[in-house]
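>>> got a predicted model here, sequence first, then my questions.
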Amino acid sequence: MNAHHRRAWLLGLALLLAAAVALALGAGVGSTGFSSVLQARHDPVAWQIVWDIRLPRTAGAWLAGALLGLAGAVAQGLFRNPLADPFLLGSASGATLGVALALALFGVSPFATQWLVRLGLTGAAFGGAVAGVLLTLALARGVQHTLRLLLAGVIVGVVLSAAKDLVTIAQPDILQAMQAFMLGSTGFVGWTACAVMAAMLVPTLALAWGLSAVLDGLTLGEATARSLGLPLAPMRAALVAVLALATGTAVAQAGLIAFVGLAAPHLVRSIVKTTHGRLVVLSTLMGGLLLMVADVLARWVLAPQELPVGVLTAVLGGSYLLWLMHRQRHLQGRML
């Protein structure tokens with residue numbers, strides 16, 4: 001085992017250990033503090049607070065962040081762009097439009113509660129995310145051309161966002177609910193949502209890891225990847241499916257959470273240089289840890305009130321990217 005492999009293993013173990021510590025902290029952070037944890041064995045109310053509210057929320061934050069970190073690593077490798085985001089293929093704008101339509105159609109009717117419990121805003125968000133990606137693929141005429149796929153994703157994102165704004169203007173009553181979804185929140189994540197995200201994380205991570213050779217080949221250019229005998233078209237389609245499913249699942253359960261998918265692969269690359277196989281796994285662990293820590297901070301900073309976790313990740317992620325740009329400019333200046 002060489003130094004890079006050993007460093008990757010150590011980073012993975014450190015991320016898992018840090019996630020376990022953050023999970024323990026998440027069980028104790030809330031309006032009643034750590035007293036609920038200490039009294040959980042004897043007080044049914046304290047047990048319910050810890051087991052039914054805090055633990056699934058914290059675990060759900062890790063799972064949603066892991067899905068976004070996985071999607072970010074796949075997107076940056078697929079588009080050969082370190083600034084590629086999991087939301088590039090129109091999944092975020094599609095999910096937002098799906099939620100807006102569900103609220104506008106059923107949110108003010110007598111059947112709203114029954115219908116939304118059965119279908120769920122999460123189902124509407126996931127359906128919208130998948131529809132956005134399919135529309136992008138149709139506009140790009142498949143996945144053969146990376147640049148066309150990227151441009152189609154930008155166009156679809158703008159159009160669907162405009163459609164969401166039109167729905168909001170027509171039904172201003174849904175504005176507050178839409179704002180909560182767009183800011184991102186893990187406050188309503190339960191064990192069912194955790195099970196859904198875990199069930200999606202395992203196969204998407206396995207598929208991304210299995211296709212990591214394609215991402216390694218694409219870093220050398222498409223012509224080189226073809227010369228290596230890699231069937232780019234079907235493998236690229238499978239990677240797009242991984243990207244869409246991981247992003248759609250995370251957005252459906254936790255709303256729009258910015259910068260986690262963008263920052264997680266960057267942080268991993270800044271610590272260890274490795275192939276995409278290990279990068280995908282480490283970015284998954286890093287994304288889970290980032291969102292879990294952000295969720296704990298969102299509950300603790302203004303306790304007993306809490307910040308929307310998407311706002312906190314945007315502030316922290318934006319600050320990190322500004323620092324990264326400043327650092328790269330400084331390094332380039334020194335080289336010149």
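Everything's here; your move. It should be emphasised that the depicted structure is a prediction, and the values quoted were computed from it without experimental measurement.

>>> could you use CA atoms for every contact and neighbour count after this?
OK.

>>> residues in contact with the residue nearest to the spatial centre of the chain?
Nearest residue to the geometric centre of the chain (C-alpha atoms, centre = their mean): residue 68, 2.4 Å. Residue 68 makes contact with 86, 246, 247, 250, 260, 261, 284, 287 under the criterion C-alpha atoms under 8 Å, 6 or more residues apart in numbering.

>>> go on, residue 254?
Residues near residue 254 by C-alpha under 8 Å, 6+ apart: 61, 64, 181, 184, 185, 186, 189.

>>> switch to 10 Å and redo it
Remark: with contacts taken as C-alpha atoms under 10 Å, 6 or more residues apart in numbering, residue 254 is in contact with 57, 60-61, 64-65, 122, 181-189, 193, 309-310.

>>> so residue 150, which of the three states?
Here residue 150 is helix, with the state taken from DSSP: H, G, I helix; E, B strand; the rest coil.

>>> do you know how far residue 287 is from residue 279?
When C-alpha to C-alpha, to the nearest Å is applied, the distance between residue 287 and residue 279 equals 12 Å.

>>> check residue 309 too.
Noted for residue 309: a distance of 25 Å to residue 279, by C-alpha to C-alpha.

>>> neighbour-wise, which of these two wins?
More neighbours sit around residue 309 than around the other of residue 309 and residue 279, counting by other C-alpha atoms under 10 Å; the figures are 28 against 25.

>>> thought that one was touching residue 259?
No: at 11.4 Å, residue 309 does not count as touching residue 259 under the criterion of C-alpha atoms under 10 Å.

>>> quick one: common contacting residues for the two?
Taking C-alpha under 10 Å, 6+ apart as the contact rule, residue 309 and residue 259 both touch residue 291.

>>> tell me who's in contact with residue 59.
Contacts for residue 59 were tallied using C-alpha under 10 Å, 6+ apart; they are 19-20, 22-23, 26-27, 65, 186, 189-191, 193-194, 198, 288, 292.

>>> if you set the cut-off to 8 Å instead, what comes out?
With contact taken as C-alpha under 8 Å, 6+ apart, residue 59 is in contact with 23, 194, 292.

>>> before we move on, what about residue 285?
For residue 285, the set of contacting residues under the criterion of C-alpha under 8 Å, 6+ apart consists of 12, 15, 16, 66, 69.

>>> need the per-residue pLDDT for residue 136.
At residue 136, the predicted lDDT confidence score is 87.

>>> helix/strand/coil for the residue nearest to the centre of the chain?
Under the three-state scheme (three-state DSSP), the conformation of residue 68 reads as helix.

>>> hmm, back to that, want to throw the contacts of residue 68 into a markdown table with neighbour count?
Written out in a markdown table, the entries for the contacts of residue 68 read as follows (neighbours: other C-alpha atoms under 10 Å):
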| residue | neighbour count |
| --- | --- |
| 86 | 29 |
| 246 | 26 |
| 247 | 30 |
| 250 | 29 |
| 260 | 32 |
| 261 | 35 |
| 284 | 31 |
| 287 | 34 |
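
>>> buried ones in stretch 213-228, by neighbour count?
Within stretch 213-228, the residues scored as buried using 16 or more other C-alpha atoms under 10 Å are 213, 214, 215, 216, 217, 218, 219, 222, 225.

>>> any weak-confidence spans in this structure?
For the chain, the stretches with pLDDT under 70 are 1, 30-41, 43, 107-121, 142-144, 330-336.

>>> who's in contact with stretch 204-215?
Applying C-alpha under 8 Å, 6+ apart, the set of residues contacting stretch 204-215 from outside is 70, 74, 77-78, 225, 230, 232, 235-236, 239, 242, 245-246, 275-278, 280-281.

>>> ends of it, what's the gap?
The distance separating the two terminal residues of stretch 204-215, taken as C-alpha to C-alpha, comes to 15 Å.

>>> so for it, what gets flagged as buried?
Neighbour counts over stretch 204-215 (16+ other C-alpha under 10 Å) mark 204, 205, 208, 209, 211, 212, 213, 214, 215 as buried.

>>> that older thread, show me which of the contacts of residue 59 is closest to residue 319.
Using C-alpha to C-alpha, residue 292 is the member of the contacts of residue 59 that sits closest to residue 319, with 18.3 Å.

>>> quick one: contacts for the closest one?
Residues counted as contacts of residue 292 (C-alpha under 8 Å, 6+ apart) are 19, 22, 23, 58, 59, 61, 62, 65.

>>> and what about the residue nearest to residue 308 when sequence neighbours are not counted, helix, strand or coil?
If the residues on either side of it in the chain are set aside, residue 308 comes closest to residue 185, at 5.7 Å by C-alpha to C-alpha, 6 or more residues apart in numbering. Three states are possible here, and by three-state DSSP the one that applies to residue 185 is coil.
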